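1. build me a structure from this.
(one chain, ligands or ions: 1)
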Amino acid sequence: MKIDLTNKVAFVTGSSSGIGQAIALSLGKAGAKVVVHCRSNREGAEATVRQLEAAGAPETLIVQGDVSKEEDLADCFTAIDKTFGQLDIFVNNAGIDGERELISEGKLETFQKVIDVNLKGGFMGIQMALQRMLPRQAGVILSITSTHEKVPWAGQAPYCASKAGIAIITESLALELGDSGIRVLNLAPGAIKTDINRDVWENEETLADLVEKIPQGRMGTSEEIGDVAAFLVSDLAGYIHGTTVFADGAMTAYPSFAKGG
Ligand code: BGC
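-> The predicted structure is shown next:
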């Protein structure tokens with residue numbers, strides 16, 4: 001049994017760093033032709049491509065644009081149409097945490113920005129992917145949500161709302177898709193060591209506080225998420241549809257109940 005994505009074209013948004021980069025690499029290692037995407041970090045995207053080439057991935061393409069802007073995103077999809085003429089896998093990964101602000105004093109701009117990138121950008125990407133997959137009655141759409149699609153987070157309500165929003169869009173889409181041959185699902189990572197939370201894991205005190213929230217006792221790695229993603233978009237996961245798979249070291253399992261109660 002082997003994850004085999006040969007002849008599949010996979011588009012991973014936000015793959016110039018972190019989890020997206022690792023997903024791109026895992027998909028390429030499994031044989032997919034990978035479309036790497038960045039908003040502004042071209043060097044990061046090029047680094048992803050170099051890693052893909054070193055890993056023997058067949059073909060790559062870099063597309064650049066802001067996922068929160070309809071035109072930018074449409075241009076990315078058009079470039080994929082022109083180069084590959086098909087899209088088999090869409091990984092809706094690009095996202096931001098946003099500023100930490102309590103709801104009572106949070107700026108509307110913070111809310112809008114997080115929603116525009118994570119929720120609106122995700123929704124538009126899913127729509128554009130569907131437009132390519134529906135005529136062929138085949139494809140997989142994997143959204144990278146977060147443990148925070150379920151777990152509330154003080155100071156990060158817009159982020160939680162954006163992730164919960166994508167989660168329910170995926171579930172609703174599964175109902176719309178019926179037996180279309182297209183699968184749609186979410187992968188919810190927990191605390192994965194990337195740039196997004198560098199401020200937390202670089203500091204001993206905040207790292208200790210974070211690890212206390214993870215029953216498994218450690219942060220996850222991007223590679224661990226990349227490999228789960230490769231499995232989820234492959235035929236081996238053919239019956240996982242309209243749901244979320246958590247890869248979070250049991251962060252969702254109420255760690256504060258490990259003792260007492
Ligand atoms: C966030 C990280 C955070 C993790 C666990 C992720 O969705 O992007 O910043 O460390 O959740 O709280």
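
2. next one: the residue of the stretch 1-150 of the chain found nearest the ligand from F11, what distance?
-> Among the residues of the stretch 1-150 of the chain, S146 lies closest to the ligand, at 3.2 Å counting by CB to the nearest ligand atom. All C-beta atoms are positioned from the backbone trio N, CA, C, and that covers glycine. Taking CB to CB, to the nearest Å as the measure, S146 and F11 are separated by 20 Å.

3. what residues does the stretch 101-250 of the chain put near the ligand?
-> Where proximity means CB under 6 Å from any ligand atom, the interface of the stretch 101-250 of the chain facing the ligand comprises 146-148, 190-191, 196-197, 200.

4. one more pass at 8 Å, please.
-> Taking CB under 8 Å from any ligand atom, the part of the stretch 101-250 of the chain that reaches the ligand is made up of 146-148, 151, 153, 156, 159, 163, 189-192, 194, 196-197, 200, 210, 213, 219, 248.

5. among these, which are in strands?
-> Applying DSSP state E to those, the entries found in strands are P189.

6. which parts of the stretch 101-250 of the chain are strands?
-> For the stretch 101-250 of the chain, the strands defined by DSSP state E, counting those that start in this stretch cover 139-144, 182-189, 244-247.

7. which other residues reach the shortest one?
-> When you say that, I think you mean strand 244-247. Here strand 244-247 makes contact (CB atoms under 8 Å, 6 or more residues apart in numbering) with 145, 147, 149, 167, 170, 185-190, 220, 224-225, 228, 232, 252.

8. make a PyMOL selection of the buried ones in the residues of the stretch 101-250 of the chain next to the ligand.
-> Below is the selection syntax for PyMOL that covers the buried ones among these, with 16 or more other CB atoms under 10 Å defining burial:
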select buried, resi 146+147+148+151+156+159+163+189+190+191+192+194+197+210+213+219+248
